[in-house]
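Trainee: One predicted model, sequence on top.
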Amino acid sequence: MGQDRSRAEITAAPKVLVTGGGAGFLGSHLCDALLARGGCEVVALDNLMSGHRENLTGGAMAQPGFRFVEQDVCEPFFGQFDRIYHLACPASPSAYQADPIATARICFLGTLNTLDLARATGARVLLASTSEVYGDPLVHPQSEDYLGNVNTTGPRACYDEGKRVAETLAFDYARHHGGVEVRVARIFNTYGPRMHRDDGRVVSNFVTQALEGRDITLFGGDGSQSRSFCFYSDLVDGLLRLMALDAVCGPVNLGNPEELSIAELARLIGVLTGGPSRASKIRLATGRPGPALPGHQPGAGSAWLDASGLAAGGPCPHDCPFPSGVSPPRRLSPAYRISPPRRRRVTLPRWYTRCAWCGRNSR
């Protein structure tokens, strides 16, 4: 399965390629979703810099239409594909700051190689970008036409600016090489199974601290600052829908427009993990951005995803025992898994909500 060649050629001519991140948190779920839909072969390409082969075992690896190639996207790769999902690049601060130069190389060279492959084969490319391209935003929420408030020299710039140049490459290829179809998704905070316990983002940090009986630490004060959190299955659904659209190239924000305060998130996690957790305060980390909340620019396309994956809003109308959209974590494991909520709200083609526990639909 694995290949260590610097120039890996994929000769099976499958339909869909998931580049870099194919064994990561979102990439592995995307592979599962593509295979579950059927009708296509899937190749996942990953150098395992931040991904884990275990994310594919028992799921995608067990499917006859799946192949895994261990390959660095910074080296050219070849094959015939109809669709390419380009997810390459570590997304957690601890991972991308561990080797910032490698992070910048992945964003530029990995995207360049992906677009070259798309140009050669006629494949449509979806670039997984990030809300971090907005930097430390001065408007709230951020719509796709907001140009951002960025720091090109800070410790997070390798990721933020890397994704900005990846977007630049995507749109330049679309403009100057007319046959290249691109879709750009700006992904906001997402959580769910296969997040690593040491991921470094707030949900996994809080859950790990609570299950280990430690105080939950709040960055930057009393926890009144708010964030939005999208469950992974809603985000993957948004990626699939955006790729399928013929009239929209983006960029399109994908995330949950409903906010939750960090203090309320800490309280919920404390309750759901079996008891109250005290909150201790630590100072704001250097270069840490302000609140990121996806807005939607009218006319940017109907691929807008609105997912209420972590809503705290009151008891279930069907008398379920927990707040809507939140399921209790079960136990701590090296690759921490958060049990899925069932309530979500997605456009395309209509709005619906589903109860977190009984699964009943309502409008």
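Mentor: Okay, I see it.
Trainee: Compute the number of surrounding residues for Ser143.
Mentor: Neighbour count of Ser143, defined by other CB atoms under 10 Å: 14. Yep, even glycine has a C-beta here, placed from its N, CA and C like the rest.
Trainee: Apart from its chain neighbours, what residue comes closest to Met61?
Mentor: Nearest residue to Met61, sequence neighbours excluded (CB to CB, 6 or more residues apart in numbering): Phe68, at 6.8 Å.
Trainee: so the one you found touches Ala44, yeah?
Mentor: Yes. Taking contacts as CB atoms under 8 Å, Phe68 lies within contact range of Ala44: 5.1 Å.
Trainee: So for these two, which residue has more residues nearby?
Mentor: Between Phe68 and Ala44, counting by other CB under 10 Å, Ala44 is the more crowded of the two (31 against 23).
Trainee: list the contacts for the spatially closest residue to that one that is not a sequence neighbour?
Mentor: Closest residue to Ala44 apart from its sequence neighbours, by CB to CB, 6+ apart: Gly22 at 2.7 Å. By CB atoms under 8 Å, 6 or more residues apart in numbering, the contact set of Gly22 is 28, 31, 43-46, 51, 56, 68, 87.
Trainee: Apply 10 Å and report the result again.
Mentor: Applying CB atoms under 10 Å, 6 or more residues apart in numbering, we find Gly22 in contact with 28, 30-31, 42-48, 51, 55-56, 60, 66-71, 73, 85, 87-88.
Trainee: That one: which element?
Mentor: Assigned by DSSP states H and E, Gly22 belongs to no helix or strand.
Trainee: what's the answer for Asn253, then?
Mentor: Here Asn253 sits within strand 252-255, counting by DSSP H and E.
Trainee: likewise Leu265?
Mentor: Taking DSSP H and E as the definition, Leu265 sits inside helix 262-272.
Trainee: Could you list the alpha-carbon positions for that helix in CSV?
Mentor: Extracted in CSV, the C-alpha atoms of helix 262-272 (Å, rounded to 0.1, in the frame of the first residue of the first chain):
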residue,chain,number,x,y,z
ILE,A,262,-16.2,29.4,25.5
ALA,A,263,-17.4,29.4,29.1
GLU,A,264,-20.6,27.6,28.1
LEU,A,265,-18.6,25.1,26.0
ALA,A,266,-16.5,24.4,29.1
ARG,A,267,-19.6,24.0,31.3
LEU,A,268,-21.3,21.6,28.8
ILE,A,269,-18.2,19.5,28.5
GLY,A,270,-17.8,19.4,32.2
VAL,A,271,-21.4,18.2,32.6
LEU,A,272,-21.3,15.7,29.8
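Trainee: Could you give the separation of it from the chain centroid?
Mentor: Computed by CA atoms, centre = their mean, to the nearest Å, the chain-centroid distance of helix 262-272 equals 22 Å.
Trainee: now the helices for the protein?
Mentor: With DSSP state H as the definition, the chain shows helices at residue ranges 25-37, 93-98, 100-105, 111-121, 157-176, 202-211, 232-244, 262-272.
Trainee: buried set for the first one?
Mentor: Of the residues in helix 25-37, those scored as buried under the neighbour-count criterion (16 or more other CB atoms under 10 Å) are 25-35.
Trainee: just checking, what packs against it?
Mentor: With contacts defined as 3 or more CB pairs under 10 Å, 6 or more residues apart in numbering; DSSP states H and E, helix 25-37 has these neighbours: strand 16-19, strand 42-46, strand 66-70, strand 83-86, strand 124-130, strand 190-191, helix 232-244.
Trainee: JSON lines for these, including distance to Thr111 and mean pLDDT?
Mentor: Formatted as JSON lines, the helices and strands packed on helix 25-37 follow (distance: least, CB to CB, whole Å; pLDDT from 0 to 100):
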{"stretch": "strand 16-19", "distance to Thr111": "9", "mean pLDDT": "89"}
{"stretch": "strand 42-46", "distance to Thr111": "13", "mean pLDDT": "91"}
{"stretch": "strand 66-70", "distance to Thr111": "18", "mean pLDDT": "90"}
{"stretch": "strand 83-86", "distance to Thr111": "6", "mean pLDDT": "95"}
{"stretch": "strand 124-130", "distance to Thr111": "7", "mean pLDDT": "95"}
{"stretch": "strand 190-191", "distance to Thr111": "20", "mean pLDDT": "92"}
{"stretch": "helix 232-244", "distance to Thr111": "16", "mean pLDDT": "94"}
